[in-house]
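> below is the structure, and that's it, no one-letter string:
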């Protein structure tokens, strides 16, 4: 008696579970909310404000996808993840996509079975030192104490760099950027190493930024981008092309301010295809015609998002550098909308 | 005769005791400088207190309550002339001014988004009502016992207020208990107690797992009564800590009783299972259980099931608290004199009757201080959830420090969080001491 | 008249499984067992299905792959080319180090504070009460990050010592540097277990010191027993303190001289201090926070233990003519210990488990290596967490086994 009832209950639970395993896009639309994994807090990339609204560069990608899929850039549940929990959260389906300055690596793509849908920030691991140390190259750091963030690829790069150059160092592992900053400023470590964007952002918040220098060595490639689970290509396409739409919009000069005007007046067929007044690109994605338009209006095109969150006019003050459009000598190169 | 007398007829006024034994000086001689060693200790302590106050007070008294960012605070302090050779000195209280509500309520809807209303009265009400619901248990002699009915209903009101949604959810959950009880009553009078218990539990479980969702759906379409639902992801700050603590303790109490009884039981296998569970949970740190919640729990569930991280944390913290609770209750059971068990036996009560009528009421009463201190422990341990990325007060402190305005803030937030934890835990531990004293006199 | 009739040989009926108390307990146990096994089977089958879906079958093979990260505090030799297993081992040793150090200091501090709380000095008693309440009522994780912040913010950085004469002990915000023991005529090391992940070195100097110490302590013990025997036989106790001291000190000094013992002083070279032993501030912060936090609990236990001894005991001992320190060591302490030890054990266990919060300050204990970076880099959550739990369970069970054995030996022998 008891056994059969228990089994019955389990069967019911199993059935309910089976129903939930449809496509991610359908799940998101049925739920009415996009679950997007972000950091627990990184200056300029993702942090909640006093009202609990999340803001930042990575956050804007989530909002763009939500606008494209759900029509509402606010329909996002931000799930703060740590370096430890981010991949399991994605693999278990707790989040639909991860936009948490995550480096695209072979093993994450292939072994951990994720699909990187593009690169929204080209970064590389750099070093920051106080000017008074008089260091001009990372190779002069023999015996230095180095602050690193754990749970990232940086500690592996660091170990490899010092090992290949045959110099010694003392690693100080740290959980968050805020703590690293505190230790570095107090002189508890000589060097702080993380992604160059993070270093620049951190340096910008110092009382006296000019007393610190970034060393010329960039010891790794860190292409950061949003990622989704393997095996759901429709969903992967949506995230990939939303990001591409933001990048293409900048290339074509479509901004959140002029989008209405451009949409009605343009003769450029690619803009027309992008904004849905020509062709059936939206339909191919399983969305409506105006998906990209909404994504661009959510927070602006790539350039606007960059300028608003981490650009040179913000306290973080990052230059476009590698992240400029290919037409301006950068690496941003979206495949064509055709 | 002259009326000169040589004998004083009126009393002399009592003389003041020597100045060195009364008043402040006398007290100080008695309590601070009774011998050279004590004097030395006193001087060292006074110097220590002086140094701490000298360091901390000027820093704390800093006119920065209205600062809008760390840079702004520095400006205010520079204007106030508080510049030392290590830069400006003084706290930047603006961060607390801006963020205290977030530290208390997390992301609970506060009406800042257009189209939403300020719902923060709900957790406040829930925690106030908790005081009312606990009153008949905690201050049994001072409140009418009728309140106990409210206490019984409270476990269903509490989640409804916090999570919101339709009123039929908690009602149907409560209905499960009612159904189970009636099945037990009916079957046990017809057949036997054991079958009654088993059937009662089975019926209640079937109700919860299968029928109640249908019931809720049906009732909700007929009579949609409810309040706005709030997802648990919105929980944060102290509200999250208290919620985890309260839910874990409330759910772990019945589980702990069962485990404690199982551990004391004569049934070999039952005892073995209970001891194994308790020792396993007590043998591993909470953080590993939280890792399980954050990374493994979904793997243990049927493929595709997914419930949010706060629920998973609640499950693991409940299991954790249950093991400690079982030990507290076992202590209560062991403290009962053997005569109570023998008395129950001699009245011809069976095991469950004896437990329900004689043993448990007394054992639980003795255990209350232990339960309160377990609660304090669990409540303090909830800060560990920040390590798996939940935004409890400590997790929020990181998020706040990641805001470009407040990047570089350290002590103010830690101090605020520490102070709130202290107030909460200290008052509870005082209460538990009071209770211990009260219970002790009851025994003599 | 009544006669007792033998109960007839009853036919076994199915309903007896429930109504007959002889069989009922068996029924309940079988049901519990079936329930438990069903639950376990359900969990395992779910896990197997999920892991198959994720394409990550349980596999401990990653342990032999290179860890490729560095660990700052390593008691075994370790480089980033060593395996994950060795990294976990280094982490385990770090856990044990901080747990042992923490237990020792927490006990010492706890006893002092517990006694001072009973002091007649009003100010001291109040201060100690404030201390105890302050530490007991604020989460230990908060204390750990707080003490770390204090260490970082208040102590000077090593570069502040440029051109300054430093003594034997240097306090910097990277940690404390203390002199280290060096041997100029060292006996060398023995390398055990070859090149495997479990390899370790044993210093022969260290073994020699231990051997000499044990031998001289034994000799000292022999002298004491002889003195006791003489005292029992004649009533006169020969003065032995200089003999006992000599037998301990002289061989040790001779050995140290033979080994060429000297202290290595920390010196500022380049970015950091070189030489000496470096106690990193993550270790100090964790050690200090755990000891201070646990000491607050131990103080309460000690106070309760001392107060539990009835005053009559002390008075009776005084009436027998015992001196105060003898009263303490012969009458009060042995009895108080019985009250103190069981809760003390659970506090040691708590401290060990709390040491897993090391990741908050970047101390590379087993949670930081096996449950942190290794888990992160390999993505093998199930294997890492199971192993992590197993390690902590083993540590906890061994501590309680040892302490329970000790408790058993000081327990009141009831006759």
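Everything's here; your move. The structure presented is a predicted model; accordingly, all values stated were derived computationally and were not measured.

> next, the closest residue to chain A within chain C: phi, psi?
Nearest residue of chain C to chain A (Cβ to the nearest Cβ) works out as residue C:157 at 2.7 Å. Where C-beta positions appear, they are placed from N, C-alpha and C, glycine not excepted. Main-chain dihedrals, residue C:157, degrees, to the nearest 10: phi -80, psi 160.

> so it sits against residue C:171, correct?
No - using Cβ atoms under 8 Å, residue C:157 makes no contact with residue C:171, being 11.2 Å away.

> before we move on, back to that, grab the nearest non-local neighbour of the residue of chain C closest to chain A.
The shortest distance from residue C:157 to any residue other than its chain neighbours is 2.7 Å, reached at residue A:187 (Cβ to Cβ, 6 or more residues apart in numbering or on different chains).

> what's near enough to touch residue A:190?
A:129-130, A:133, A:141, A:144-146, C:271 (Cβ atoms under 8 Å, 6 or more residues apart in numbering or on different chains).

> which stretches of chain B aren't confidently modelled?
B:1-5, B:85-87, B:140, B:192-194, B:440-444 (pLDDT under 70).

> please pick the buried ones from the contacts of residue A:190.
A:129-130, A:133, A:141, A:144-146, C:271 (16 or more other Cβ atoms under 10 Å in any protein chain shown).

> quick one: contacts for the residue nearest to residue C:157?
Residue A:187 makes contacts with A:130, C:156-160, C:173, as judged by Cβ under 8 Å, 6+ apart.

> distance-wise, check it relative to residue A:202.
15 Å (Cβ to Cβ, to the nearest Å).

> so where do the helices sit in the stretch 251-400 of chain B?
Remark: helices assigned in the stretch 251-400 of chain B by DSSP state H, counting those that start in this stretch are B:268-283, B:286-291, B:297-300, B:309-335, B:338-346, B:351-354, B:360-381, B:393-401.

> could you say which of those helices is packed most deeply?
Among the helices of the stretch 251-400 of chain B, ranked by average contacts under mean count of other Cβ atoms under 10 Å in any protein chain shown, first place goes to helix B:393-401 (a mean of 26).

> can the helix or strand that it is followed by be said to contact chain C?
Using DSSP states H and E, the helix or strand that follows helix B:393-401 towards the C-terminus is helix B:411-443. Yes - residues of helix B:411-443 contacting chain C under Cβ under 8 Å from any Cβ of the partner chain: B:411, B:414, B:417-418, B:421-422, B:424-426, B:429.

> now residue 215. Nearest residue, chain neighbours left out?
Using chain A here. That would be residue A:127: by Cβ to Cβ, 6+ apart, it lies 4.2 Å from residue A:215.

> please refer instead to chain C.
Residue C:215 sits nearest to residue C:251 (Cβ to Cβ, 6+ apart), 7.4 Å away.

> my read: residue B:404 touches residue A:205, true?
Yes - counting by Cβ under 8 Å, residue A:205 is a contact partner of residue B:404 at 6.5 Å.

> who in the stretch 151-300 of chain A is up against chain B?
Counting by Cβ under 8 Å from any Cβ, the residues of the stretch 151-300 of chain A that sit close to chain B are A:176-178, A:181-182, A:185, A:202, A:205-207.

> could those go into JSON lines alongside neighbour count and secondary structure?
Converted to JSON lines, those look like this (neighbours: other Cβ atoms under 10 Å in any protein chain shown; DSSP: H, G, I helix; E, B strand; the rest coil):
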{"residue": "A:176", "neighbour count": "23", "secondary structure": "coil"}
{"residue": "A:177", "neighbour count": "24", "secondary structure": "helix"}
{"residue": "A:178", "neighbour count": "25", "secondary structure": "helix"}
{"residue": "A:181", "neighbour count": "24", "secondary structure": "helix"}
{"residue": "A:182", "neighbour count": "21", "secondary structure": "helix"}
{"residue": "A:185", "neighbour count": "20", "secondary structure": "helix"}
{"residue": "A:202", "neighbour count": "26", "secondary structure": "helix"}
{"residue": "A:205", "neighbour count": "21", "secondary structure": "coil"}
{"residue": "A:206", "neighbour count": "16", "secondary structure": "coil"}
{"residue": "A:207", "neighbour count": "12", "secondary structure": "coil"}
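
> which of those residues sits closest to chain C?
Checking these one by one against chain C (Cβ to the nearest Cβ), the nearest turns out to be residue A:182, at 6.3 Å.

> and that closest one, what pLDDT?
Looking at residue A:182, its pLDDT stands at 84.

> for residue C:299, give its distance to residue B:353.
Counting by Cβ to Cβ - residue C:299 and residue B:353 are separated by 44 Å.

> burial measure for the residue nearest to residue B:39 when sequence neighbours are not counted, as a count.
Ranked by Cβ to Cβ, 6+ apart and with sequence neighbours excluded, the top spatial neighbour of residue B:39 is residue B:33, at 4.4 Å. Neighbourhood size, residue B:33 [other Cβ atoms under 10 Å in any protein chain shown]: 16.

> so residue B:33, which of the three states?
On the three-state scheme (DSSP: H, G, I helix; E, B strand; the rest coil), residue B:33 is labelled coil.

> hmm, it is touching residue B:42, no?
Yes - shown here, residue B:33 and residue B:42 form a contact pair, counting by Cβ under 8 Å, at 6.3 Å.

> hang on, the earlier thing: check contacts around the residue of chain C closest to chain A.
Here residue C:157 is in contact with A:186-188, C:172-174 (criterion: Cβ under 8 Å, 6+ apart).

> most neighbours among those, which one is it?
residue C:174 (29 neighbours).

> which helix or strand contains the closest residue to that one other than its chain neighbours?
Ranked by Cβ to Cβ, 6+ apart and with sequence neighbours excluded, the top spatial neighbour of residue C:174 is residue A:188, at 5.4 Å. Following DSSP H and E, one finds residue A:188 outside all helices and strands.

> check what pLDDT residue A:188 gets.
88.

> chain A versus residue B:347, what's the distance?
Distance from residue B:347 to chain A, counting by Cβ to the nearest Cβ, to the nearest Å: 32 Å.

> tally of neighbours for residue C:402?
12.

> quick check, pLDDT for it.
86.

> and it, its phi and psi?
According to degrees, to the nearest 10, residue C:402 has phi -60, psi -50.

> residue 64 - how many residues pack around it?
Picking chain A for this. 32.

> look at chain C instead
For residue C:64, using other Cβ under 10 Å, the count is 12.

> quick revisit: what sits in contact with each of residue B:404 and residue A:205?
Going by Cβ under 8 Å, 6+ apart, residues that sit against residue B:404 and also against residue A:205 are A:43, A:315-316.

> out of those residues, who's nearest chain C?
Nearest to chain C out of the shared contacts of residue B:404 and residue A:205 is residue A:43 (Cβ to the nearest Cβ; 19.1 Å).

> in contact with residue A:193, which residues?
Contacts of residue A:193 by Cβ under 8 Å, 6+ apart are A:125-128, A:146-148, A:154, A:158, A:199.

> same thing but at 10 Å, please
Contacts for residue A:193 (Cβ atoms under 10 Å, 6 or more residues apart in numbering or on different chains) come out as A:125-129, A:138, A:141, A:146-149, A:154-155, A:157-158, A:161, A:169, A:171, A:180, A:184, A:199, A:215, A:217, A:219-220.

> looks to me like it is in a strand.
Yes - judged by three-state DSSP, residue A:193 forms part of a strand.

> spatially nearest residue to it (excluding sequence neighbours)?
residue A:127 is the one closest to residue A:193 (Cβ to Cβ, 6+ apart), at 5.0 Å.

> how long is stretch C:231-247 end to end?
21 Å (Cα to Cα, to the nearest Å).

> could you see whether chain B lies near stretch A:301-318?
Yes - using Cβ under 10 Å from any Cβ of the partner chain, stretch A:301-318 comes into contact with chain B via A:309-310, A:314-316.
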